[in-house]
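Chemist: curious how this folds, go ahead:
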Amino acid sequence: MRRQSSLELESWSFKRNDTLFELNSYKKRNEFDMSYSLSSGSSGNFLNGKYIKQQNGIILISDSIKMRIEGNKIIGFGKTNDTSGIFKER
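Modeler: Residues are numbered from 1 along each chain as shown. Just a heads-up that it's a prediction; the model follows:
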């Protein structure tokens with residue numbers, strides 16, 4: 001997973017198969033959104049919700065899923081026990 005950070009926005013990206021996922025968190029609003037881009041060129045937003053920053057990571061909560069980011073891993077995305085590598089720098 002790659003990460004980019006500024007005063008108001010923190011972003012991560014990771015790839016799974018032929019799909020690039022991007023996660024943006026908006027610090028002042030404690031919100032996040034997630035989008036995808038396929039290698040064929042199609043893309044879209046598909047998930048948004050609230051995030052809670054904790055000492056050991058970030059909790060992401062939407063109306064349908066709860067995930068967390070710890071170090072360079074996103075936990076709970078896709079299959080319940082899945083941990084995908086995520087990159088902090090973009």
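
Chemist: so what pLDDT did Ala26 get?
Modeler: In this structure residue 26 is Tyr, not Ala. In this model, Tyr26 is scored at 92, pLDDT.

Chemist: who does it bridge with?
Modeler: Leu9, Glu31 (DSSP bridges).

Chemist: let me know how buried it is, in neighbour terms.
Modeler: Close neighbours of Tyr26, defined as other CB atoms under 10 Å, add up to 14. (C-beta placed from N, C-alpha, C; glycine too.)

Chemist: next up, the contacts around it.
Modeler: Shown in contact with Tyr26 (CB atoms under 8 Å, 6 or more residues apart in numbering): Glu8, Leu9, Phe32.

Chemist: let's see 10 Å
Modeler: Glu8, Leu9, Glu10, Phe32, Asp33, Asn48, Tyr51 (CB atoms under 10 Å, 6 or more residues apart in numbering).

Chemist: same check on Leu38?
Modeler: Asn17, Asp18, Thr19, Leu20, Gly44.

Chemist: again with Ser40
Modeler: By CB under 10 Å, 6+ apart, the residues touching Ser40 are Asp18, Thr19.

Chemist: could you list the buried residues of stretch 56-70?
Modeler: Ile58, Leu60, Ser62, Met67, Arg68, Ile69 (16 or more other CB atoms under 10 Å).

Chemist: ok, so of those residues, who is nearest Phe77?
Modeler: Nearest to Phe77 out of the buried residues of stretch 56-70 is Met67 (CB to CB; 5.3 Å).

Chemist: would you list the strands that the helix or strand that that closest one is a member of pairs with, along with their directions?
Modeler: Using DSSP states H and E, Met67 falls within strand 66-70. Within its sheet, strand 66-70 is paired with strand 57-61 (antiparallel), strand 73-75 (antiparallel), according to DSSP bridges.

Chemist: neighbouring strands for the top strand by length along the chain, and are they parallel or not?
Modeler: For the chain, the strand that runs over the most residues, judged by DSSP state E, is strand 43-54. Its sheet considered, strand 43-54 pairs with strand 31-38 (antiparallel), strand 57-61 (antiparallel) by DSSP bridges.

Chemist: any chance of the ones you listed in CSV with distance to Arg3 and mean pLDDT as columns?
Modeler: Conversion of the strands paired with strand 43-54 to CSV gives the following (distance: least, CB to CB, whole Å; pLDDT from 0 to 100):
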stretch, distance to Arg3, mean pLDDT
strand 31-38, 13, 96
strand 57-61, 11, 94
